[in-house]
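1. here's a sequence, model it:
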Amino acid sequence: MEAWCAMQTATVDGLRPARGGEKRYTIVAIWNALEKHRQALEELLWSQSPKQMVARLARPDVAVTNEKDKVMMLPIVEKTEDRVREMIKNLVGPDETSLVETIAPEGAGGGAKGGARPRGGGADDDPEAGWLGASPAASCK
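-> Prediction:
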């Protein structure tokens with residue numbers, strides 16, 4: 001779920017997949033993982049809406065350490081779209097479409113390598129970010 005959150009960009013209209021300089025994640029294949037595993041993880045999660053992620057995570061083949069986490073977190077993920085819309089509308093002007101564009105307009109050094117970076121950094125800041133090195137730059141809680 002954290003990797004999916006990092007793959008999204010908050011806009012006035014809700015979440016959409018991050019593109020180009022908006023990306024807040026790095027996936028690094030480690031140990032026995034192959035490049036195709038990195039690509040598969042990105043393809044699996046990148047374009048999913050919150051409702052699609054809830055459906056995917058609710059499946060019985062998705063294992064979690066504590067089953068209560070599914071019960072508690074899935075309703076929160078399902079409401080993410082509405083919460084993002086509300087929060088962004090309070091942060092940006094009526095003509096803005098993306099928090100990223102508001103903080104660092106395109107071409108002004110925004111994105112993962114320069115300009116404004118969300119708190120918490122990303123996989124570049126955390127060499128032990130987990131399986132395949134997926135590490136979110138921000139949480140969608």
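2. quick one: the strands in the protein?
-> Assigned by DSSP state E, the strands in the chain fall at 8-11, 14-17.
3. out of those strands, deepest packed?
-> Mean neighbour count (mean count of other CB atoms under 10 Å) peaks for strand 8-11 among the strands of the chain, with a mean of 22. (Glycine included, C-beta is placed from N, CA and C.)
4. now do that one: which elements does it pack against?
-> Judged by 3 or more CB pairs under 8 Å, 6 or more residues apart in numbering; DSSP states H and E, strand 8-11 is in contact with strand 14-17, helix 80-91, helix 99-103.
5. can you redo these as JSON lines with distance to Leu34 and mean pLDDT?
-> Formatted as JSON lines, these follow (distance: least, CB to CB, whole Å; pLDDT from 0 to 100):
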{"stretch": "strand 14-17", "distance to Leu34": "23", "mean pLDDT": "93"}
{"stretch": "helix 80-91", "distance to Leu34": "31", "mean pLDDT": "89"}
{"stretch": "helix 99-103", "distance to Leu34": "31", "mean pLDDT": "55"}
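6. out of the ones you listed, which comes closest to Glu2?
-> Relative to Glu2, the nearest member of the helices and strands packed on strand 8-11 by CB to CB is helix 80-91, separated by 12.7 Å.
7. sorry, back to before: so which of the strands of the chain is nearest Val62?
-> Closest of the strands of the chain to Val62 is strand 8-11, at 18.7 Å (criterion: CB to CB).
8. send the alpha carbons of that closest one over as CSV?
-> Presented in CSV, the C-alpha positions along strand 8-11 are these (Å, rounded to 0.1, in the frame of the first residue of the first chain):
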residue,chain,number,x,y,z
GLN,A,8,0.2,8.9,-6.7
THR,A,9,-0.1,12.6,-7.1
ALA,A,10,-2.6,14.7,-5.2
THR,A,11,-4.7,17.0,-7.4
